[in-house]
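> Below is the structure, and that's it, no one-letter string:
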């Protein structure tokens with residue numbers, strides 16, 4: 001019986017001890033220490049309890065020790081009362097700082113008991129003027145003094161339309177100041193990164209005049225401002241006397257960011273051309289977001305922030321699908337877009353789970369979203385560069401043959417000629433022409449003619465690797481530049497092309513081509529136009545001599561090669 005009573009007493013003592021949170025013993029120079037494991041919490045479902053009621057025995061017993069690694073409750077209509085106890089065993093008073101590291105708490109109240117036993121109340125929060133804060137910082141900082149050889153309990157009340165993340169810590173002033181300096185430095189670097197990207201791409205926009213840069217700059221600028229509001233910097237520096245505007249500014253900026261992000265994604269991935277079905281859904285999201293963004297200030301903050309969070313996830317998924325489709329269909333810029341978007345989507349999922357209370361509130365879950373967003377902006381800037389290259393390449397590409405066009409040839413030919421002249425290397429030029437092309441169009445129609453040009457273009461492209469430059473010169477005529485290639489080597493290439501074309505079968509029809517060859521060797525030409533005229537005259541001779549052959553312009557004069565079977569037979573031509 002005595003043993004049973006003893007065991008019962010031990011259990012009662014154990015449960016009594018577990019019913020109160022552990023007291024935190026602080027020391028001089030107290031390092032930054034989380035208070036999460038030292039908290040007692042009470043959820044006030046109606047949000048109607050007063051501080052005097054919390055102190056009454058009836059409700060004081062309802063403050064239960066918090067045993068979880070973090071205290072975030074997502075979007076909740078309840079108010080949360082928090083209590084913690086600090087003990088100072090030293091012989092001197094300790095100046096301490098209590099920090100709440102999540103700045104988007106609408107109403108935050110703090111109670112501290114003074115030396116005379118009276119309770120001092122500080123009422124602050126981001127729905128109250130910024131001047132209500134004891135220290136003018138973006139986070140909530142409550143300074144207090146703990147007398148020597150004393151133990152005191154402190155109370156806080158959290159209430160918010162947004163997510164409730166309780167991230168309390170205690171430290172001495174000497175321990176907090178270096179942390180604050182580093183935090184300010186990192187924030188400066190972070191927002192400076194956004195500003196640099198905007199300015200850099202503004203100059204690029206002025207140079208290339210591509211509207212994708214406008215959507216990108218709007219996306220970066222609105223995202224940077226959104227994070228400024230999310231971190232409490234906007235409220236601190238821009239709108240300290242307008243808490244309502246500062247809160248609604250956050251929601252509106254989120255909507256504007258989604259609008260610019262969706263439109264930029266559609267543009268950079270060429271969604272209308274490469275992924276039309278997905279683009280229609282993205283456009284539906286865009287047209288839904290525009291009126292929602294304008295209406296956001298007139299509806300409940302909780303309703304709108306929840307709606308926009310859902311739309312953000314949907315937009316990320318839709319744009320990722322669009323990027324994947326564009327990538328599979330050959331878009332180079334979609335590569336960078338996909339890497340950046342996957343990075344952002346991963347961090348968004350982490351942040352949303354934290355916001356809804358599914359993941360703990362800590363440095364990683366709170367900041368991963370912001371770091372990933374800046375990384376995404378850099379990658380999207382690279383995607384813009386790739387897009388400019390794609391546009392430039394399309395401007396130099398013939399749509400029918402998919403070879404370079406006349407414009408590209410006119411730009412590159414003089415450069416290659418002058419390089420060969422300076423370096424003392426050979427440069428050969430092949431001028432090709434489809435034989436009897438007009439007869440093909442007249443007999444079979446222009447569709448068969450287009451098919452013939454497309455087929456020849458594919459064949460030439462197949463045998464043209466860098467540094468060879470193959471172009472559609474105009475109509476049924478093609479030009480091939482062969483840097484560092486002698487006359488004999490160029491002749492071999494030309495003969496191979498004549499043979500391969502003669503072997504083609506296009507819907508039961510055969511084709512032949514004639515080729516003129518001219519080479520710049522040992523300074524035999526003074527200007528690019530002379531080399532071009534020599535190749536063109538050689539082509540004319542090939543056409544006059546019966547077609548389906550190669551004529552070579554050399555010093556001395558021209559020689560021809562008629563293709564017979566698998567072997568080219570050369571004969572001098574006067």
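Everything's here; your move. These figures come from a predicted structure and were not determined experimentally.

> what's the domain layout of this protein?
21-176, 210-395, 406-572 (automatic domain parsing).

> buried set for stretch 86-93?
86, 88 (16 or more other CB atoms under 10 Å). (Glycine included, C-beta is placed from N, CA and C.)

> re earlier: any chance of a markdown table for the domains of the chain, columns mean pLDDT and distance to residue 198?
Below are those laid out as a markdown table (pLDDT from 0 to 100; distance: least, CB to CB, whole Å):
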| stretch | mean pLDDT | distance to residue 198 |
| --- | --- | --- |
| domain 21-176 | 91 | 22 |
| domain 210-395 | 85 | 5 |
| domain 406-572 | 82 | 32 |
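
> Can you lay out the ones you listed as JSON lines showing distance to residue 202?
Listed next are the domains of the chain as JSON lines, based on distance: least, CB to CB, whole Å:
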{"stretch": "domain 21-176", "distance to residue 202": "28"}
{"stretch": "domain 210-395", "distance to residue 202": "6"}
{"stretch": "domain 406-572", "distance to residue 202": "28"}
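
> Excluding residues flanking it in the chain, which one is nearest residue 360?
residue 70 (3.2 Å; CB to CB, 6 or more residues apart in numbering).

> Would you mind confirming that the one you found makes contact with residue 35?
No - contact criterion CB atoms under 8 Å: residue 70 and residue 35 do not qualify, at 11.6 Å.

> which of those two has more neighbours?
residue 35 (23 against 17; other CB atoms under 10 Å).

> Now residue 181: which helix or strand?
According to DSSP states H and E, residue 181 maps onto helix 173-208.

> which residues touch the residue nearest to residue 360?
Residues counted as contacts of residue 70 (CB atoms under 8 Å, 6 or more residues apart in numbering) are 36, 167, 360, 361, 362.

> And the helix or strand where residue 472 lies, what's buried?
Residue 472 is part of strand 469-474 when elements are defined by DSSP H and E. By neighbour count with 16+ other CB under 10 Å, strand 469-474 contains the buried residues 469, 470, 471, 472, 473.

> For the closest residue to residue 43 other than its chain neighbours, list the residues it contacts.
Leaving aside its sequence neighbours, residue 43 sits nearest to residue 78 (CB to CB, 6+ apart; 4.9 Å). With contacts defined as CB under 8 Å, 6+ apart, residue 78 is in contact with 43, 44, 45, 46, 47.

> For the residues you listed, pick the one with the most neighbours.
That'd be residue 44 among the contacts of residue 78, by other CB under 10 Å, with 19 neighbours.

> any idea how far it is from residue 59?
Residue 44 is 9 Å from residue 59, where distance means CB to CB, to the nearest Å.

> just to revisit the earlier point, any idea which of the domains of the chain gets closest to residue 188?
Smallest distance to residue 188 across these (CB to CB): 10.3 Å, for domain 210-395.

> What helix or strand is residue 141 located in?
Using DSSP H and E, residue 141 falls in strand 140-146.

> What lies in contact with that strand?
By CB under 8 Å, 6+ apart, strand 140-146 touches 26, 86, 88, 93-100, 103, 105, 108, 110, 112, 122, 124-125, 133-135, 152, 154, 173.

> Flag every buried residue along stretch 276-290.
278, 279, 282, 285, 286, 289.

> same deal with stretch 224-242?
224-236, 239.

> do stretch 321-328 as well
For stretch 321-328, the neighbour count (16+ other CB under 10 Å) marks 321, 322, 323, 324, 325, 326, 327 as buried.

> go on, stretch 362-376?
Applying 16+ other CB under 10 Å to stretch 362-376 flags 362, 365, 366, 368, 369, 370, 372, 373, 374, 375, 376 as buried.

> Among these, which are located in helices?
365, 366, 368, 369, 370, 372, 373, 374, 375, 376 (DSSP state H).

> and residue 112, how far is that from residue 434?
Taken as CB to CB, the span from residue 112 to residue 434 is 92 Å.

> mind checking which helix or strand the residue nearest to residue 234 when sequence neighbours are not counted is in?
Distances taken as CB to CB, 6+ apart place residue 228 nearest to residue 234, at 4.5 Å, with adjacent residues excluded. In the assignment (DSSP H and E), residue 228 maps to helix 212-230.

> what's that helix in contact with?
With CB under 8 Å, 6+ apart as the criterion, helix 212-230 contacts 104, 190-191, 194-195, 197-198, 201-202, 204-205, 234-235, 246, 249-250, 253-254, 256-257, 260-261, 263-264, 267-268, 370, 373, 377, 380-381, 384, 387.

> need the contact list for the residue positioned nearest the centre of the chain.
Geometric centre of the chain, nearest residue: residue 376, 2.8 Å, by CA atoms, centre = their mean. By CB under 8 Å, 6+ apart, the contact list for residue 376 reads 340, 341, 343, 344.

> Repeat that for residue 172.
Applying CB under 8 Å, 6+ apart, the residues near residue 172 are 28, 29, 30, 31, 94, 95, 96, 97.

> Tell me the one of the residues you listed nearest residue 501?
residue 31 (80.2 Å).

> Now the closest one: phi and psi?
phi -70, psi 170 (degrees, to the nearest 10).

> burial of the closest residue to it other than its chain neighbours, as a residue count?
Among residues not flanking residue 31 along the chain, residue 175 sits closest, at 5.0 Å (CB to CB, 6+ apart). When counting by other CB under 10 Å, one arrives at 16 neighbours for residue 175.

> Could you check how far residue 175 is from residue 28?
Taking CB to CB, one finds residue 175 at 10 Å from residue 28.

> Repeat that for residue 174.
9 Å.

> cool, and residue 254?
Counting by CB to CB - residue 254 and residue 28 are separated by 44 Å.

> Do a quick rundown of the strands in the stretch 51-200 of the chain.
64-65, 71-75, 79-88, 94-100, 107-113, 119-124, 140-146, 150-159, 163-166, 168-172 (DSSP state E, counting those that start in this stretch).

> Just put the ones you listed in JSON lines and tack on distance to residue 532.
Shown next, in JSON lines, are these (distance: least, CB to CB, whole Å):
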{"stretch": "strand 64-65", "distance to residue 532": "89"}
{"stretch": "strand 71-75", "distance to residue 532": "72"}
{"stretch": "strand 79-88", "distance to residue 532": "82"}
{"stretch": "strand 94-100", "distance to residue 532": "76"}
{"stretch": "strand 107-113", "distance to residue 532": "79"}
{"stretch": "strand 119-124", "distance to residue 532": "79"}
{"stretch": "strand 140-146", "distance to residue 532": "76"}
{"stretch": "strand 150-159", "distance to residue 532": "79"}
{"stretch": "strand 163-166", "distance to residue 532": "70"}
{"stretch": "strand 168-172", "distance to residue 532": "77"}
